[in-house]
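1. Dropping the sequence and predicted coords here.
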Amino acid sequence: MRYLVIILSLYYLMTPFIREKAPSELDTYDGTTVDAIAYGPPNYQLYEYMKEYASIYDIPFDYALKCAREETGYRGKFHYTYTPFIDKLRRSYADAYGPLQVQVPTANDMWQDRNISADDLGYNIELNVITSFRYKRYLYEILNDWTQVYSVYNQGWKGKNRINEYAVRITGDADS
């Protein structure tokens, strides 16, 4: 098994993986495709998935990184001690799951074609990122302001009119 991981890692490092996903693929996530990123450690997976889906969903990448840091202490691609699967990071006191702390009802609103469980959000980093970014894109289309988006993301709809420090730390916009 160790040799397989080494070979796959070397293959990944030597081969350019440039994937362009069609919009229809984003709407029908099935979890059955083999993904080379998924074989990496969680810190690497989170970084690569956020980079990929930030461009697809037009989310500012630096905001995505700051959000992951706020939610679970993620410090970037080289944060080798990042362990999002332990209970403390996998599930918050607000019943939000995974690296970007998404709640199950929110996830099910973002995925009309499937039923998302807490385990799906807590253990599938790609699904967690896609769901979080879908929700942020949805909020941005309504609010048209990233500070409000992150305030609502953190506090629920009361955050629309009551911007909190969480949102300001992510966007750096104290004037909203």
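-> Sure, I can see it.

2. Show the contacting residues for the nearest residue to residue 66 once chain neighbours are set aside.
-> Among residues not flanking residue 66 along the chain, residue 170 sits closest, at 4.4 Å (Cβ to Cβ, 6 or more residues apart in numbering). C-beta coordinates here come from the backbone N, C-alpha and C atoms, glycine included. Residues in contact with residue 170 (Cβ atoms under 8 Å, 6 or more residues apart in numbering) are 63, 66, 67, 70, 146, 147, 150.

3. Repeat that for residue 68.
-> By Cβ under 8 Å, 6+ apart, residue 68 lies in contact with 46, 50, 74, 99, 100.

4. quick one: buried residues of the helix or strand where it lies?
-> When elements are assigned from DSSP states H and E, residue 68 belongs to helix 61-72. The neighbour-count criterion (16 or more other Cβ atoms under 10 Å) identifies 63, 64, 65, 66, 67, 68, 70, 71, 72 as the buried residues of helix 61-72.

5. Stretch 147-158 now?
-> Using 16+ other Cβ under 10 Å as the test for burial, stretch 147-158 gives 147, 148, 149, 150, 151, 152, 153, 154.

6. gap between whichever helix in the chain runs longest and the chain center?
-> Counting by DSSP state H, the longest helix found in the chain is helix 125-143. Mean-position distance between helix 125-143 and its chain equals 8 Å (Cα atoms, centre = their mean, to the nearest Å).

7. Can I get it in CSV, CA atoms only?
-> Presented in CSV, the C-alpha positions along helix 125-143 are these (Å, rounded to 0.1, in the frame of the first residue of the first chain):
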residue,chain,number,x,y,z
ILE,A,125,-13.6,17.4,1.8
GLU,A,126,-14.6,18.0,-1.9
LEU,A,127,-18.3,17.8,-1.1
ASN,A,128,-17.8,20.2,1.9
VAL,A,129,-16.0,22.7,-0.3
ILE,A,130,-18.5,22.6,-3.2
THR,A,131,-21.4,22.9,-0.8
SER,A,132,-19.9,25.8,1.1
PHE,A,133,-19.1,27.6,-2.2
ARG,A,134,-22.5,27.0,-3.6
TYR,A,135,-24.0,28.5,-0.5
LYS,A,136,-21.7,31.5,-0.7
ARG,A,137,-22.4,32.1,-4.4
TYR,A,138,-26.1,31.9,-3.6
LEU,A,139,-25.8,34.4,-0.8
TYR,A,140,-23.7,36.7,-3.0
GLU,A,141,-26.3,36.7,-5.7
ILE,A,142,-28.8,37.9,-3.1
LEU,A,143,-26.6,40.3,-1.1
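
8. Can you spell out which helices and strands pack onto the next helix-or-strand element following that helix?
-> Moving toward the C-terminus from helix 125-143, the next helix or strand (DSSP H and E) is helix 146-155. Helices and strands touching helix 146-155, by 3 or more Cβ pairs under 8 Å, 6 or more residues apart in numbering; DSSP states H and E, are helix 61-72, helix 125-143, helix 165-171.
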